[in-house]
Structure formats: C-alpha cells, structure tokens
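# predicted model follows, preceded by the sequence.
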Protein chains: 2
Amino acid sequence: MKKDINIKEVAKKAGVSIATVSRVFNNSGTVKESTRKKIEAVIEETGYYPNVLARELAEKKTHLIGLIVHSMIGEGIPRMINGVNEMLEDNDYNLLIACTNGILESEIKHFEIFRSKRVEGILFATREFKEEHRDLIQKIPIPVVVLLQRTDKEGISFVTFDNYTFAKDATEKLIGLGHRNFAFIGGPATSVNSRERQRGFRDGLKENGIELDTNLSRNGDFTIESGYQQMEEILAIEKEITAVIAVNDGMAIGALNCIQDHDIAVPNDISVLGLDDTVLAKASRLKLSGVHYSYSKLGKQGAGLLLKQIESDEALFEEVVLPYEIHLRESVNKR
Amino acid sequence: MKKDINIKEVAKKAGVSIATVSRVFNNSGTVKESTRKKIEAVIEETGYYPNVLARELAEKKTHLIGLIVHSMIGEGIPRMINGVNEMLEDNDYNLLIACTNGILESEIKHFEIFRSKRVEGILFATREFKEEHRDLIQKIPIPVVVLLQRTDKEGISFVTFDNYTFAKDATEKLIGLGHRNFAFIGGPATSVNSRERQRGFRDGLKENGIELDTNLSRNGDFTIESGYQQMEEILAIEKEITAVIAVNDGMAIGALNCIQDHDIAVPNDISVLGLDDTVLAKASRLKLSGVHYSYSKLGKQGAGLLLKQIESDEALFEEVVLPYEIHLRESVNKR
DNA sequence: AACAGCAACCAAAACGTTTTGGAGGATTTT
DNA sequence: AAAATCCTCCAAAACGTTTTGGTTGCTGTT
C-alpha cells in the first residue's frame, strides 16, 4: 500500500490549518484569495485527494445505493441496471451491486452487508416477493424500492410493469382479430410475473366467453427449447388452434420454429405472440409479435423514486406501474 | 436519519471498555466467557451492528472492488459481471459498478471516484484500450486488471479472449471443409475486438493462399439489420461465395435471413458462421455456427487475478487468454 | 518469598475528514 | 474614538471503529 498524503500534511506544507484546506476543497466558507492559491498549489503539487471514507464518516453520508438482483442474465435486468446507473450518475450516487440467484439467505445477507456499508437506500429485485421480504424491508431503517414486482400495498414502494394487464390486453387484441382457439405457454410456476401474465391471458378469454382446454395452457422454463417442446405437445393434442401466446420471446420463438417444422403456416394457420420484446423478436425471418416495455425506464424511475425517498424525511410510499406497447408484427394475422 | 447505536454505548451498557466490545465482535484477543456473554446480550438487545465506514477508516481496508464497463447491453458483459460477482462473493468483497458508454472522460472520472472511495482494485473493460488508459492506470497506485482487451505488454494485467486466433481458426475450419470463396462482415472500425477478428480471418485466408476481393469484406454495426444490409450488398457484388463469416451473431443472423430471402440455400449454397455464440445462434430454425467462449469465466478469472494482486505486495503482472470452442452447426456444410 | 508468565481488561492513540465556536485583525458604522 | 461588523483563519471536537501499550491480579515456578 502506498501511503497517501492527507489533509494534515497539505495543511502543514501550506502553513495553514486543516480546516482551511477543507474549506478550499469544498468551496465552503470564505478564504482569502492568496491563501486559496497557496493551498491549491500544494494540492496540485502533492496530488492530494481526500479520503472519502473519512469524509463520509464525518458527514454520515455515503452517497451509495445498493442494488440487489436475483439474476444478471437476460436482456431485461442489464437494461434496468443501465437505467439505474444513469439516474444515479446524474445525482452523484454510486452503485453497489449484489446478485443473489433468488436465494433468500443470500438476499438477507446482502441487505445486512449493504446496511452495514451504510448505503443510503436499496433497490431490490427478486423473483417472487414474499412475507420474508416484507419483514426484512420493514425492519430496515433505510428506504427500499422494489423493482419488477408488486409489494401488496403494505407501504413498500415499487415500480413494475403490469404483467396482468398487458397480457390480457394482448390476448384481447388477438380476439379482436378473430381468434378463438388459443394455446398458452407459461413459465415455471415459481415465477410470479409469468403467473400474472397467465392470469391476464385467462381473464382475457373468460371475459370474452372463450373456453380454454386446460391441456393447452402449459408451462415451460423460458428457454427456446422448452418452447419448442411445449408446442410439440400442444400440436399433438389439438391442431385447430389459431393463436399461441408465450410468456416470453424465447419460448415464442421455440413455438414458432416448431410450428414451421410441422409445415403449418405462420401466421396464416397459427399466429404467434410473445409477451416480451427482446432481440429474439427480430431474429427470425418472420418478425415476432410481442409486448414492449422499457426496463431502462423502470430502472431509472426506480432509482429516482429511491432518491426522492432518501431526500425526504417522512417515509413516502409510491407505486409506479409503467406503460407498455403491443407490437403486432408478421407473426400475427387476422382470422 | 435514525440514530444508530454505536460501540461506545454498547460498552457503557455492558460496563466494559469499547476495546473489549470490539474484541468480542471480531473474535480477536482473549475475553472471559462471562463478559463475552454479557456483551453479546447487550448487542442482541440493542441490535447493534458496527459502522463499517469507521472500521474501514481504521483498518484502511474497504473490501471494495470497482468495475468499470463501457456498456451493460448484450449477453457478454452481464455474464462477465456475474462471474466477477461470484468470485468476489466467495472472498467477501463488494462490487461497485460504473458504466461509461466508452466515453473517455467518464472513464477517467470513475477511476477517480473509485480511487477516492478507496476501492482496493479496479476491473476495467473498455471498447478500445488506448494510450490514455495506460497512463491512467499507471498513475493509479491500486491494482487494475483489464478485461476483454489486451494492454500491449506494459505491465498491466489483462484477461481476454484471443479474438485473432479463434477467428483465424474458424476461418481455417471452413477452408478445411473446402470453402474458397468467402465474404466477411465486420463491426465498426472503432471496435478493436472486431478488427482483431477481421485480421484473423484475413490471415487465415492468406496463409492458405486464398485471395479476397476487398469489396467482400464489409463493416456493419453489430445489429441484425446491418447484417442483412451488408449481405444484401455482398450478394449484389458476387454470388459465387460459399461462406460468410460475421463477427457477431446478430449480423450473422441478419446475413442468414438475407440469404434465405434470396432463395439461396443455407448451408448447401452458402455456409454462415458468426464469431460469437449468443442465444441468437439457437433462435432460428437453422442453428447458427459460431465460436463459444465463456464470459462468466472471464469475469471470474479477472476478479481472481485482481484479488491475487491485492493480496500480494509486489506488483505482479499476468496475462490470461481464455480458451474457445468452435461449434459447427446446421448453418455450415462441407463443400 | 520473589519473580515470571499469562489472562483479562482498559485508556488512549490513530485513522482522515467536517464542523463548530471563537479569536484576531481590519473595516465600517455611529 | 469607540463600537459593531466582517473577513480570515485556527484549535479542537466529533464521527465510530481498531489497535497499541499497559495495568492488574492471579497462577505457578524456583
């Protein structure tokens, strides 16, 4: 370890007190032009830069935000982090990141680490928001904003997409195009967001008086392969369907490929839609339809909300639900 | 701000000195069982947890690593971060992240912020490693490991993939399959990694005595659309090619789609290979060939190397080049 | 009986800042 | 000419730890 020069040495070299050096560095208080010049010269000469740790200790402010996510993989979360980052950068905060793989113990551990690191606020994204999370957050005396998940109106702020609504909306768009025979490919039962989308889909059908064979609502694991696999099984059961909705693009692409491999025409025989909008949507020759929502904006707004809570003294509580857009592209047709 | 209880109060409540409380908390030194119990009871009761800032100030250790990346977008970097994270977690370090969009001023700024935050080491990924970066790193008295880029043997450690070699290797694989007429789709000239791959491709041809019409070596911008576009232009120039290599999957997919839209058979007429291996490779019905390398391992090794440098006193210098695998899938055929 | 060694603890220094309460001198006001 | 004000600066306290150097009293050795 190099020994860094500290404020005391600068003060000595400049023949002033450390208070004056501090004032010069932070532009606070009044300092005579000549002494300021002198101090600045010493700073320049010595390459002094302040020890932020000491400053933070004295100020009781760290300008640090903690972000806890369950995964880094996929298109969404990195974009979200990007958004968070932008907002923090604009406000001179720094970002501490932890990835938990959705393991509760790891989540708890990182809440504690972050707390003892004195972060000023925490952004939290998990796969499913549970009781334990609520308890955890309510026990912690620093602001927390939950991302990508509702918190069930318990005074914990969140910003998320409305999975239920856009899934229902997309379903109804297809119904509006004349579709009546649907199949659905959901994600693993552990994913709340997938369950919500599935619920939206079901309600969309129900409210339009359309029955669904429960065998035609299946669960994959978000991969392209599982989309293919589930579609294979759907086709084995029932060939009369005219539209397939998958909760994500990967499975939608898998389903699309499967259908085409069966020499069934997309979109003329079967329309395909993914409740998602990743690069995959534009990868195939036949552009996939889907729902677009901005993870980057979500991150930005979440961070903004958190900063607002940090500034404010009273614990304010806000729920933000972001908009979406349905993009019908080549994979969808009128009936 | 809540007032947190501090070690002094704990000491008072337990009727001991703060030194003893510190010893109990850190399991250092010897403490009588009975006093330990008493102190632990007070800690439990008050919910005391230490102020890491103060500890770090006293210890002159932050257990903090800074990661500076030029972008969060894409499949690679998030995986890399994941790898970094794993390694750091195992060693009880925390991760501070900044994203610069490749802007030099932003990079410099974050080096300084991180330094004054007293990070113990910095992982640095940039689009192109320049003079300025070398100067920057050599001026800074803390260990730095560069990721995804060579540093030109100047005592700055790095861990990267060997873009040149795998590109050449892949090219020669295709030559081995009988291909003689190539086209190439590179990235923007600003991307070193793309340029390296292009160089590998060229040398692969040259060493096998194959000429390349320079019009058939083109540059896109990494997007699917630009791959399509460049392929369109290639086909307009010369239809006799039998293999196309693109520096990334996106452009390879674009090229693939374009070729098929021209009713040219892949792989029978033209083989397609991307020097990459993202989800896109498995998205189309016809699985794309490519080169696989693990970003996650890169992150992990980079972080490991950095930690090693932090532990060790002498400035050690290491260059790590990670292995790759070439996957020939459906998009490639013998000639 | 004198002393060495050790367990258990404490007071105070050190870490490097910001901030506070004043002090000294110059300048303005009355 | 005295009083009030302002500018400039300083010494010291505060932030909450870890660590150092010692002290105390006890045990065992010679």
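Thanks, I have it.
# from here on, just use CA atoms for contacts and neighbour counts.
Fine.
# can you get me the start-to-end distance on stretch A:87-95?
10 Å (Cα to Cα, to the nearest Å).
# and it, anywhere near chain B?
Yes: counting by Cα under 8 Å from any Cα of the partner chain, chain B is contacted by stretch A:87-95 at A:94-95.
# ok, residues contacting that stretch?
Outside of stretch A:87-95, the residues within contact range by Cα atoms under 8 Å, 6 or more residues apart in numbering or on different chains are A:63-67, A:85, A:300-301, A:303-304, B:96-98.
# got it, and stretch A:152-172?
A:134, A:137, A:144-151, A:193-194, A:196-205, A:245, A:275, A:291, A:293, A:298, A:301-302, A:317-324, A:326.
# for PyMOL, what selects the buried ones among the contacts of stretch A:87-95?
Per 16 or more other Cα atoms under 10 Å in any protein chain shown, the buried members of those correspond to this PyMOL selection:
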select buried, (chain A and resi 63+64+65+66+67+85+300+301+303+304) or (chain B and resi 96+97+98)
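# follow-up on the earlier one: buried subset of the contacts of stretch A:152-172?
A:137, A:144-151, A:193-194, A:196-205, A:245, A:275, A:291, A:293, A:298, A:301-302, A:317-321, A:326.
# which of these fall in helices?
A:137, A:193-194, A:196-205, A:298, A:301-302 (DSSP state H).
# filter those down to the ones close to DNA strand C.
The overlap between those and the neighbours of DNA strand C (Cα under 7 Å from any atom of the strand) is empty.
# which one of those residues is nearest residue B:284?
residue A:194 (23.9 Å; Cα to Cα).
# if you skip the residues just before and after it, what's nearest to the closest one?
residue A:187 (5.5 Å; Cα to Cα, 6 or more residues apart in numbering or on different chains).
# who's in contact with the one you found?
A:194-195, A:219-222, A:247.
# out of these, grab the one that's most surrounded.
Among the contacts of residue A:187, residue A:247 has the most neighbours (other Cα atoms under 10 Å in any protein chain shown), with 30 neighbours.
# surely that one and residue A:197 touch.
Yes: here residue A:247 reaches residue A:197: they are 6.8 Å apart, a contact under Cα atoms under 8 Å.
# shared neighbours, those two?
residue A:275.
# rewinding a little: how about the ones in helices among the buried ones among the contacts of stretch A:152-172, which pair is most distant?
It's A:137 and A:205 that sit farthest apart of these, by Cα to Cα, at 37.1 Å.
# and the pLDDT for residue A:47?
Residue A:47 is assigned 88 on the pLDDT scale.
# could you count how many residues lie near it?
If you count neighbours by other Cα under 10 Å, residue A:47 ends up with 13.
# name the nearest residue to it, ignoring sequence neighbours.
Nearest non-adjacent residue to residue A:47 (Cα to Cα, 6+ apart): residue A:5, at 7.9 Å.
# tell me where the stretch 1-150 of chain A has helices.
A:7-14, A:18-26, A:33-46, A:52-59, A:76-90, A:104-116, A:131-139 (DSSP state H, counting those that start in this stretch).
# out of the ones you listed, deepest packed?
helix A:76-90 (a mean of 21; mean count of other Cα atoms under 10 Å in any protein chain shown).
# any low-confidence regions in chain A?
For chain A, residues meeting the criterion pLDDT under 70 lie at A:1-3.
# smallest gap between it and chain B, at which residue?
residue A:96 (4.6 Å; Cα to the nearest Cα).
# list the contacts of that residue.
Applying Cα under 8 Å, 6+ apart, the residues contacting residue A:96 are A:64-67, B:94-97.
# filter those by proximity to DNA strand C?
The overlap between the contacts of residue A:96 and the neighbours of DNA strand C (Cα under 7 Å from any atom of the strand) is empty.
# out of the residues you listed, which are inside strands?
Among the contacts of residue A:96, DSSP state E puts A:64-67, B:94-97 in strands.
# residue A:20 reaches residue A:31, doesn't it?
Yes: under the criterion of Cα under 8 Å, residue A:20 makes contact with residue A:31 at 7.4 Å.
# output the contacts of residue A:96 as TSV; include the columns distance to residue B:106.
What follows is these, written out as TSV (distance: Cα to Cα, whole Å):
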residue	distance to residue B:106
A:64	18
A:65	19
A:66	21
A:67	21
B:94	22
B:95	18
B:96	15
B:97	13
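# ok, of the residues you listed, which one's closest to residue B:78?
residue B:97 (11.7 Å).
# nearest residue to that closest one other than its sequence neighbours?
Nearest to residue B:97 is residue B:67, by Cα to Cα, 6+ apart, at 4.8 Å.
# and the one you found, what does it touch?
B:95-98, B:122-125.
# DNA strand D: which of these is nearest?
Of all the contacts of residue B:67, residue B:95 has the smallest distance to DNA strand D: 20.7 Å, by Cα to the nearest atom of the strand.
# just list whatever residues bridge to the nearest residue to the closest one once chain neighbours are set aside.
Computed as Cα to Cα, 6+ apart, the closest residue to residue B:95 that is not its neighbour in sequence is residue B:65, at 5.1 Å. Beta-bridge pairing for residue B:65 (DSSP bridges): residue B:95, residue B:121.
# good, we can wrap up now.
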